[in-house]
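>>> Provided below for reference: sequence and predicted model.
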Amino acid sequence: MIWEELQGELDALQRDGLKRTRRTLELPCGPQAQVDGQPLISFCSNDYLGLANDPALVDAACAGARVWGVGSGASHLVSGHLGAHAALEEKLAEFTGFARALLFSTGYLANLGIVPALVGRNDAVFADRLNHASLIDAVQLSRADSQRYPHADLATLERLLATSTARRKLILTDAVFSMDGDLAPLPGLLALAERFDAWLVVDDAHGFGVLGRQGRGSLAHFNLPAAERLVYMGTLGKAAGAAGAFVAGSATVIEWLQQRARSYIFTTASSPIIACALASSLDLIAAGDARRQHLWQLVAQLRDGLADTRWRLLPSPTAIQPVIIGDNHDTLRIAGALYARGLWVPAIRPPTVPKGTARLRVSLTAAHSEAQLARLVDALRELA
Ligand SMILES: *Cc1c(COP(=O)(O)O)cnc(C)c1O
């Protein structure tokens, strides 16, 4: 029976320590969480600036609902593109320094839309081996020839580009790698894109709002210009504290995506409430130097606190600070011990990360206090 087959596979996941469980939170997103009545300090969220439950965003969302209602009623190209969306797109273009920006309902959908709109059969995509799942799926959907280069390896990428005979080439990368926290070599990637006349698509889910002057993202961090061949994707459910994503680029590429990205065209426009909250969020991001400074202090506190222990931290300069454990069951055991102490850190296992590199993925946010982080550092030192 086909359903017995599924049950067998589920049992195997359980046996291999790969079964995922979800927990229901009894408080809004923030460092102080509660699950089944148990208070927990959460180091799980991507709400890097602590904006998800910020009173200014909540007010903007409520005010937005009174002006625009709740639903958009249709897709953007039919009649769902409301003033709130248009205003946010203009603000995003201005903030990122690109000619235009286009809103998507989620980052996953944005990536599924961008790649197949830009390349197809007879084209080639050159992708970092550690790219996010949504980019991997996007390449498959595009039917382009997929070449994956070792993580951040510019020399191999150069060789692949030099030998490619593809009609159109596209380099595809996370800007901040979601499970490692390190940065892609964006200046080198852009130089290769220029040299081999390729597109460079950058997914800045974890850099937008956090890195660069005023949180303008990873391109700003490296002082890169808004080049014509650059397609910049940022998500709005992480540091921006709400939901959704945008793609910014030249007027031509954005117009093309608006005409051809299927995940833009065949889905209902996101709620105008979210667009209103995000307009307020962009202001807080731009004025958020104090939040970012506090975040960097926490990163230093964690790294200093674990420096003389057996725990191996990856060389991450961002809010994502993975502690590599290796074995799936060990990782689950340590995450469990932390959880029993009221500290919630996700255990990340294959297939999300390569086999043998299971890890605790600590994410820090500007909403954490030094005292909350000190509790995690103390517990990890004790468990070491
Ligand atoms: C989270 C994430 C996405 C997906 O964004 P959503 O808005 O959550 O769908 C895409 N790319 C990367 C690198 C991410 O971390």
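Perfect, thanks for sending it. Residues are numbered from 1 along each chain as shown.
>>> What sits closest to the residue of the stretch 151-300 of the chain found nearest the ligand if chain neighbours are left out?
Residue of the stretch 151-300 of the chain nearest the ligand, by C-beta to the nearest ligand atom: residue 205 (3.4 Å). Bear in mind the C-beta positions are built from the backbone N, C-alpha and C, glycine included. In this structure, residue 205 finds its nearest non-sequential neighbour in residue 235, 4.2 Å apart by C-beta to C-beta, 6 or more residues apart in numbering.
>>> Ok, residue 211 next?
residue 221 (4.1 Å).
>>> Tally up the residues packed near that neighbour, please.
21 (other C-beta atoms under 10 Å).
>>> how many neighbours does the residue in the stretch 1-150 of the chain that the ligand sits nearest to have?
Closest residue of the stretch 1-150 of the chain to the ligand, C-beta to the nearest ligand atom: residue 107 (2.2 Å). Residues lying near residue 107 (other C-beta under 10 Å) number 25.
>>> That one: what's it in contact with?
Counting by C-beta atoms under 8 Å, 6 or more residues apart in numbering, residue 107 touches 134, 203, 205, 233, 235, 237, 244, 245.
>>> Could you rerun that using 6 Å?
The contact partners of residue 107, by C-beta atoms under 6 Å, 6 or more residues apart in numbering, come to 205, 235, 245.
>>> I'd like the distance from it to residue 138, if you could.
As for residue 107, its distance to residue 138 is 11 Å (criterion: C-beta to C-beta, to the nearest Å).
>>> How about residue 243?
For residue 243 relative to residue 138 (C-beta to C-beta), the value is 19 Å.
>>> Between the two, tell me which one has more neighbours.
Between residue 243 and residue 138, residue 138 has the larger neighbour count (other C-beta under 10 Å), namely 30 against 19.
>>> Now tell me what touches the helix or strand harbouring residue 294 from outside.
Here residue 294 sits within helix 289-306, counting by DSSP states H and E. Here helix 289-306 makes contact (C-beta under 6 Å, 6+ apart) with 49, 319, 321, 364, 366, 368, 373, 377.
>>> Run through the residues that contact the first one.
Going back to what we said before, that points to residue 49. Listed by C-beta under 6 Å, 6+ apart, the contact set of residue 49 reads 209, 239, 288, 291, 366.
>>> try 7 Å
Listed by C-beta atoms under 7 Å, 6 or more residues apart in numbering, the contact partners of residue 49 are 209, 239, 241, 285, 288, 291, 365, 366.
>>> okay, these in a markdown table with distance to residue 6 and pLDDT next?
Shown next, in a markdown table, are those (distance: C-beta to C-beta, whole Å; pLDDT from 0 to 100):
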| residue | distance to residue 6 | pLDDT |
| --- | --- | --- |
| 209 | 40 | 98 |
| 239 | 37 | 98 |
| 241 | 37 | 98 |
| 285 | 43 | 98 |
| 288 | 46 | 98 |
| 291 | 45 | 98 |
| 365 | 37 | 98 |
| 366 | 42 | 98 |
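>>> Close to the ligand: what parts of the chain are there?
By the rule C-beta under 6 Å from any ligand atom, the part of the chain lying against the ligand is 106-108, 111, 132, 134, 174, 178, 203, 205-206, 235, 237, 245.
>>> Just the CA atoms of the strand or helix carrying residue 125, as CSV, please.
Using DSSP H and E, residue 125 maps to strand 124-128. What follows is strand 124-128, C-alpha atoms only, in CSV (Å, rounded to 0.1, in the frame of the first residue of the first chain):
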residue,chain,number,x,y,z
ALA,A,124,23.7,27.9,-17.9
VAL,A,125,23.4,28.7,-14.2
PHE,A,126,26.6,28.7,-12.0
ALA,A,127,25.5,28.2,-8.4
ASP,A,128,27.3,28.1,-5.1
